[in-house]
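Q: let me see the structure of the following:
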Amino acid sequence: MPTLASHIDPKGTLFIGNQDAYAGLLATLRGRQAFVVQGGRDRSIERHRARGKYLPRERIDMVVDPGTPFLELSTLAGFGQYDDQAPGAAIVTGIGIVHGCPCMFIANDATVKGGSLLPASIKKHIRAQQIALENRLPTLYLVDSGGAFLPLQDEVFPDKDHFGGTFYCQARMSAAGLPQLSVVLGGCTAGGAYVPALSDEVIIVEGIGRIFLGGPPIVKAALGEIVDPDELGGAELHTLESGVADHIAYDEPEAYAKLRDSVAHLNQPPVPTPPQPSRPPLHSTEELGGVVNHDARIPFDIREIIARIADASEFQEFKPRYGDSIVTGTAHVHGYPVGLIGNNGIIFSSAALKATHFIEMCNQRGIPILFLQNTSGYMVGRDAEAGGIAKDGAKMVASVANSTVPKLTVLVGGSYGAGNYGMCGRGFQPRFLFAWPNSRIATMSAETAQTVLVDIRRGGLDRDQVDEEQLEKIRSEVADQYETQSDPYYATSRIWDDGLIEPSQTRAVLGLCLALAARAPGDDAPRYRVFRM
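A: Below you'll find the predicted structure:
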């Protein structure tokens, strides 16, 4: 297979300047991730440990196979929301390996608002269940939650994507043959009681695990009955009398040993061996921060990223001389085959047709598709419109929507306008979507938005009514709005992606995702033959 050569000078001024700028982005990302893990709540963590309890990531570490990777998802969910009092949205989700079987973990963090579920918590919970369903993963719930966050009950309770949606997904996943296992490590009150109750198998830890539809305060208010929490819903009651739990553990490590034993007997298919050995790229993944220009207005060649992700930097490019604002071709990542579609700027009609043709071929051949997004969108202007950019862009969008092979997306730069859709943004349901900390996502750039909205405002006024000072104020407000809302932390806080990742980690993350895709390639046959575009 042809090998990609790099045209970047690692000793050049531009490369070094880019790397220095990216080092600042990575320092910010790592600092914010560290805060989510253990920052700003020392007293809460101290009280938690005083009860003999472990933190959620420590719990996961005791379950997964030693030395295996854990792919944490949406680490920064809730960032900048809820007065910055809900790091990680009070829940940890991710994919780990247990006895060789990939599993989805959903673990409450009781050090954040007692593990209560905020709107972002529920969105993160449901997103994890969706990923588990698409990738045919058993789900392990490490339950330590105070239930719904009552001050925001109208945002967490009644709608289809609210708290009830988690139970709906759990029941549907079990019906689809995906095991649902729970370890009860704290409170499971009211609706929260249904997480273990809907599980196939439940382990409860004596002394800290409790399950009840109505806790002691509710029982006292409703019945005038004063009852001890353990008598009302503790481990002894639920394993001896009610049958709500199946196994009792006398401390957390014992509970995780029992959970591992249960996973060992799930009879789940293993991750398939890749069709060819994994080979490192010829160009270091550590150079990716220098590939991306710190000034987003300066383009970079998407092939430079592919050369640092693909096995041995080998890439069989498709239609290299046609529609060159999109790059398409096949490669392997950690031994798994993948079709790549990457942007080199604005999407013209020829590029849209080329991408459509390539997507159809990947579907016919059963090859997963990786989209590398860095585009300002589809071309505009009279010539583009006369040339049919709307119908050609629609062909590309439709092919992405109807694609049945696993789709993965990484935002490596800008993701603007309909380019976000054509390049498989969140609305087109990729199996996984990750973003780099330099990425931006919005209907248009801040510079374009302020020009458009000011011109619209000016066009609605008579000449003698134009107030330049007022228009300048509008321009400034629009620029501030778009800068804020296109920021990657704004996006990841709202779970528009599955997490911000460092560029150098991208190859490893994609390798895990492609392994999961090989295990669950999808059942639907392609919905179209290959049409030459």
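Q: would you say residue 261 is within a helix?
A: Yes - if the criterion is DSSP: H, G, I helix; E, B strand; the rest coil, then residue 261 is within a helix.
Q: and for it, the neighbour number?
A: 12 (other Cβ atoms under 10 Å). C-betas here are computed from N, CA, C, even on glycine.
Q: if I look at it, what pLDDT would I see?
A: Note for residue 261: predicted pLDDT of 98.
Q: give the helix, strand or coil label for residue 531.
A: coil.
Q: who touches it in this structure?
A: Counting by Cβ atoms under 8 Å, 6 or more residues apart in numbering, residue 531 touches 357, 360.
Q: give me phi/psi at it?
A: Backbone torsions for residue 531, taken as degrees, to the nearest 10, come to phi -100, psi 130.
Q: and for residue 500?
A: Dihedral angles (degrees, to the nearest 10) for residue 500: phi -80, psi 130.
Q: OK, contacts around it?
A: Neighbouring residues of residue 500 by Cβ under 8 Å, 6+ apart: 29, 75-76, 434-437, 488-489, 492.
Q: same question, residue 149
A: Residue 149 touches 113, 116-118, 121, 156, counting by Cβ under 8 Å, 6+ apart.
Q: leaving out chain neighbours, which residue sits closest to it?
A: Nearest non-adjacent residue to residue 149, counting by Cβ to Cβ, 6 or more residues apart in numbering: residue 116, 4.2 Å away.
Q: ok so, going back, who wins for most neighbours among the contacts of residue 149?
A: residue 121 (30 neighbours).
Q: roughly how far does that residue sit from residue 133?
A: To residue 133, residue 121 is 19 Å away according to Cβ to Cβ, to the nearest Å.
Q: likewise for residue 387?
A: 41 Å.
Q: which element follows the lengthiest helix in the chain toward the C-terminus?
A: For the chain, the longest helix by residue count, based on DSSP state H, is helix 13-38. Reading on from helix 13-38 to the C-terminus, the next helix or strand found by DSSP states H and E is helix 42-50.
Q: how far off centre is that following helix?
A: Here helix 42-50 is found 29 Å from its chain centre; the criterion is Cα atoms, centre = their mean, to the nearest Å.
Q: for stretch 48-56, same thing?
A: Offset of stretch 48-56 from its chain centre (Cα atoms, centre = their mean): 28 Å.
Q: tell me which residues in it are buried?
A: Of all the residues in stretch 48-56, those buried under the rule 16 or more other Cβ atoms under 10 Å are 48, 53-56.
Q: and for stretch 198-211?
A: Buried, per 16+ other Cβ under 10 Å, within stretch 198-211: 198-206, 208-211.
Q: if we can go back for a sec, give the other helices and strands that the longest helix of the chain contacts.
A: Contact here means 3 or more Cβ pairs under 8 Å, 6 or more residues apart in numbering; DSSP states H and E; on that basis helix 13-38 packs against helix 288-291.
Q: in helices only, show me the contacts of residue 500.
A: Within those, residues falling in helices by DSSP H are 29, 488-489, 492.
Q: quick one: which of those residues is the most crowded by neighbours?
A: Most surrounded of the ones in helices among the contacts of residue 500: other Cβ under 10 Å gives residue 492, at 27 neighbours.
Q: follow-up on the earlier one: and the ones in helices among the contacts of residue 500, which two are the farthest apart?
A: 29 and 492 (9.8 Å; Cβ to Cβ).
Q: about what we covered before: okay, the contacts of residue 500 in a markdown table with distance to residue 150 and pLDDT next?
A: Below are the contacts of residue 500 laid out as a markdown table (distance: Cβ to Cβ, whole Å; pLDDT from 0 to 100):
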| residue | distance to residue 150 | pLDDT |
| --- | --- | --- |
| 29 | 33 | 98 |
| 75 | 26 | 98 |
| 76 | 25 | 98 |
| 434 | 33 | 98 |
| 435 | 33 | 98 |
| 436 | 37 | 98 |
| 437 | 35 | 98 |
| 488 | 32 | 97 |
| 489 | 28 | 98 |
| 492 | 26 | 98 |
